[in-house]
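[1] Okay, sequence plus prediction incoming.
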Amino acid sequence: MRRPAGTGRTPDGRPHRPHRPRDRGQVTVEFLGLLPLILGVLALLWQFVLVGYTYTLAAHAADRGARAGAALDGGGAGACRTAAEDQLPRAWHPGSSTACGTEAGLWKATVRIKVPVLFPGAGAFPWTVTGSAGAAKEAADR
């Protein structure tokens with residue numbers, strides 16, 4: 001028996017559904033196809049955060065080092081270097097270097113840190129981040 005035109009129902013009264021191919025699991029397949037792209041974007045964003053954090057660490061360590069060098073009368077270079085290195089987390093120590101010195105009434109500290117790949121200790125990129133700071137020498141009380 002033919003279905004009457006325009007009713008949208010089968011002869012037994014159920015709604016008529018056009019034949020569709022089965023698409024079970026399609027969302028899963030699409031997600032698995034995009035998963036490497038999603039993970040790559042997340043890793044790239046994390047790496048950008050890590051680069052920014054490395055810049056922050058270098059600047060902060062240099063600032064602390066310059067301040068420590070300026071606060072001590074004599075022996076300031078050692079205090080500068082020690083203060084700068086103490087400000088760095090242990091994982092950043094292997095790829096770091098600190099230089100301290102005086103220049104025109106200022107203590108200058110420069111800290112260089114290698115940028116880690118994804119997390120500190122796993123490896124480092126071939127470039128370094130530099131943070132530098134200066135602090136005026138303090139006059140000794142006479």
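    Good, I have the coordinates.
[2] ok, residue 42 to residue 121 distance?
    Between residue 42 and residue 121 the distance is 20 Å, computed by C-beta to C-beta, to the nearest Å. All C-beta atoms are positioned from the backbone trio N, CA, C, and that covers glycine.
[3] separation between residue 68 and residue 13?
    From residue 68 across to residue 13, the span is 88 Å (C-beta to C-beta).
[4] quick one: which of those two has more around it?
    Under the neighbour definition other C-beta atoms under 10 Å, residue 68 and residue 13 were set side by side, and residue 68 has more, 23 against 7.
[5] same for the longest strand seen in the chain, what does it pack against?
    Identified as the longest strand of the chain according to DSSP state E is strand 124-136. If you count contacts as 3 or more C-beta pairs under 8 Å, 6 or more residues apart in numbering; DSSP states H and E, strand 124-136 packs onto helix 26-71, strand 106-116.
[6] now for the longest one, which elements pack on it?
    Spelled out, it's helix 26-71. helix 76-86, strand 96-103, strand 106-116, strand 124-136.
[7] Show the secondary-structure elements that the first one is packed against.
    Put plainly, it is helix 76-86. Secondary-structure packing of helix 76-86 (3+ C-beta pairs under 8 Å, 6+ apart): helix 26-71, strand 96-103, strand 106-116.
[8] now these as JSON lines including distance to residue 88?
    As requested, these are exported to JSON lines (distance: least, C-beta to C-beta, whole Å):
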{"stretch": "helix 26-71", "distance to residue 88": "5"}
{"stretch": "strand 96-103", "distance to residue 88": "6"}
{"stretch": "strand 106-116", "distance to residue 88": "7"}
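[9] for those, which one ends up most surrounded?
    strand 106-116 (a mean of 22; mean count of other C-beta atoms under 10 Å).
[10] Averaged pLDDT, that strand. What do you get?
    Taken as a whole, strand 106-116 has a mean pLDDT of 88.
[11] Kindly report the same for stretch 45-56.
    92.
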